[in-house]
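Chemist: sequence first, predicted model second:
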Amino acid sequence: MSTTISNTSTHTGLSMAPVVPTTGALTPLGLDEVRITDGFWADRQRVNGSATLPHVEHWLEREGWLRNFDLAAAGTLPEGRRGREFADSEVYKYLEAVAWELGRLGGDDALESRFRSVVDRVAAAQEADGYLNTRFGRPGQGERWSDLEWGHELYCLGHLFQAAVARERTSPGADDGLLGIATRAADLICEVFGADGIQSVCGHAEVEVGLAELARVTGESRYLDLASLFVERRGNGVLADIEYGRAYFQDDLPIREAEALRGHAVRANYLAAGATDIAVEHGDTGLLEALRGQWDRTIARRTYLTGGQGSHHQDEAFGEDFELPSDRAYSETCAGIASIMFSWRLLLEDRDVRYADHIERVLYNVVATSPSAAGTAFFYANTLHQRTPGESSPADEVSPRASSSERAPWFDVSCCPPNVARTLASLAAFVATSDDHGVQIHQFASATIDTIIGGAHGGRFRAELETDYPRSGVVSLRILEAPREAVTVSIRVPSWADDASLSVAPADGEDARDAQEVAPGYADLARVFAAGDVVELSFGMRPRVTHPDPRVDAIRGAVAIERGPEVYCVESVDLPGGDESLAEIEIDPDAGVEEAGDGRLTVALRARPVVDAAWPYAERFDAPRDAEPFTATIAPYHSWAERGPSTMRVWIPTTRS
């Protein structure tokens, strides 16, 4: 008889959310409880559903990655197979994105039909024993599990499991068969990689988070146990050494001994997210403490201003502490999404506002940066300094992933487009949480909230969240229905908001609470609410001149501009004459930064004349400083490269440097 994972009264494995731990400080609210209705993120969700999802499906079909499953079912592989060894995973991420989109929309017949069609093709390719992969296991292909360093078989299954979880949570008991496909594959790897099986791991962590969430949905603890085995095995040299070292796979050091995330940035964050799932379910305080410490050091020393992570191009990896060069920032989109996954799990466990602050930073400056406004082109890497304009990427050609200086429609390695799609489709699940005492607002978006506080026997809480954030810093929560008992409403006050205030306007006009100053963190308001009550959080959105830690050598003597959650950049198309040489630009940090309307800012710059020399080093450089200052408008970083090829920089040398 199989054992099961038990749920508490306020945590259910079928909540319509990507992550549903059975215990923790906070309970995530699913897509059926929170719906984003207007504003910045609603616009991006609409584009994601109407343009990005069809775009991804088109390219999966065009590039033959979907057809690989047809060839597997027909028994003709390896002939005709296209795509990299992990191409299967992009199909699974697409399915996950569609499942969340169906949940967000409350159903859509055309999208449902497309979803089922893809599931049918995947199902036809599964072997009788549950094995599912189009790259391995047939005559003329590598044997199953024969290349754990680079084969990505388990990685692909991790994304399959997450797709099945999304489907089961948004359409419980659906008869499309995806959950059965996933559990048959999970049962197989439990046999193959269990305690008496292959004593190794996948070179790319991901199966751990998939297994943990599959365990939560099905109640099958064997899946969680296998995820735990994978986490504990890694770090003991179970994978072959490579030119980048075993740190690339996080196989150089047991996870409990690591002090920071290291190696391949996506792998590192996926592993940390999966380890957090396991630590929470097992009540493993030692592992949780190690993960908290790794998060702390990684954020403090290995993360870009945008929230992006990874400063090495060759291995898509973290650098050492404070190794954060702007022009060599890799900051892969998937690494940003993975860091959200890690941070969200810690937030649910700890209710520490720092995790929500980081999630917001990544959402606005990595996730929102990758897709074009049209939703049909993407950045794979997210540099903070583009030195040359480069060339536009043709709309009908596959692009090399890291060399694109503009967004491209598709890549040889296209992990990022479907990853963005699944994140945006499920975004409402990151807005708010609940506990036995009330509701917590972590991210700001106009949305509706409809949930039960205090478990199955609690009271209903309905409210409308209204804001035009990030254009202004006013967030209003209008209560539509509340329990008869006191409820605590907690609203995040961003770390940079030094002038925030909280007020209450009761529907009956009595017991009003004047605006009171609140500090960064969570502003808690406990009272008996009535329909019509309005809670309002207000904070200034003044532009900020940000200085780097002097240990970040690459940007010493430079500053960046931020406003609210958005990082800004200077783009060549906004300079007089469209001057492409941003190397000569300096900013006067004492001149102030002014609002220019429509989210843009005005800054005081000057072009420092540069004297070319035969040798770029000297005892002293006395460059002339007679250039006239000028003003220029700058825009949020997430909007750059929307107006054709350009140069760009986030960190700007100062006139004092």
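Modeler: Arrived safely.
Chemist: hang on, residue 233 packs against residue 201?
Modeler: Yes: using Cβ atoms under 8 Å, residue 233 makes contact with residue 201 at a distance of 5.3 Å. Using the backbone N, CA and C atoms, a C-beta is placed for each residue, glycine as well.
Chemist: of these two, who's got more company?
Modeler: Neighbour totals were compared for residue 233 and residue 201, and residue 201 leads with 27 against 18 (other Cβ atoms under 10 Å).
Chemist: setting the sequence-adjacent residues aside, check what's closest to residue 641.
Modeler: Distances taken as Cβ to Cβ, 6 or more residues apart in numbering place residue 406 nearest to residue 641, at 5.2 Å, with adjacent residues excluded.
Chemist: which helix or strand contains the one you found?
Modeler: Using DSSP states H and E, residue 406 falls within no helix or strand.
Chemist: could you shift the numbering so residue one becomes 12, and keep it that way?
Modeler: Got it, the first residue is 12 from now on, which makes the last one we talked about residue 417.
Chemist: run a quick neighbour tally on it.
Modeler: By other Cβ under 10 Å, neighbour count at residue 417 equals 20.
Chemist: that one touches residue 651, doesn't it?
Modeler: No: shown here, residue 417 and residue 651 do not form a contact pair, counting by Cβ under 8 Å, at 9.8 Å.
Chemist: buried residues in the stretch of helix or strand residue 192 belongs to, which are they?
Modeler: Residue 192 belongs to helix 189-204 when assigned by DSSP H and E. Of the residues in helix 189-204, 189-190, 192-197, 199-201, 203-204 count as buried by neighbour count, 16 or more other Cβ atoms under 10 Å.
Chemist: ditto for stretch 517-529
Modeler: So for stretch 517-529, counting by 16+ other Cβ under 10 Å, buried means 517, 529.
Chemist: out of everything not next to it in sequence, what's closest to residue 528?
Modeler: Of all residues not flanking residue 528 in the chain, residue 512 sits nearest, at 5.5 Å (Cβ to Cβ, 6+ apart).
Chemist: who are the packing partners of the strand or helix carrying the one you found?
Modeler: Residue 512 is located in strand 511-516, with elements delineated by DSSP H and E. Applying 3 or more Cβ pairs under 8 Å, 6 or more residues apart in numbering; DSSP states H and E, one finds that strand 511-516 makes contact with strand 524-529, strand 532-538, strand 545-549.
Chemist: ok, back up a step: pLDDT wise, what is the residue nearest to residue 652 at?
Modeler: Residue 417 carries a pLDDT score of 86 in this model.
Chemist: number of residues surrounding residue 273?
Modeler: With other Cβ under 10 Å as criterion, residue 273 counts 22.
Chemist: that one contacts residue 282, correct?
Modeler: No: Residue 273 is beyond contact range of residue 282, at 10.6 Å (criterion: Cβ under 8 Å).
Chemist: who touches both of the two?
Modeler: residue 261 (Cβ atoms under 8 Å, 6 or more residues apart in numbering).
Chemist: in a helix, that's where residue 474 is, yeah?
Modeler: No: secondary structure of residue 474, determined by DSSP: H, G, I helix; E, B strand; the rest coil: strand, with no helix assignment.
Chemist: quick one: it and residue 491 touch, right?
Modeler: Yes: counting by Cβ under 8 Å, residue 491 is a contact partner of residue 474 at 5.7 Å.
Chemist: looking at the two, which is more packed in?
Modeler: residue 474 (26 against 16).
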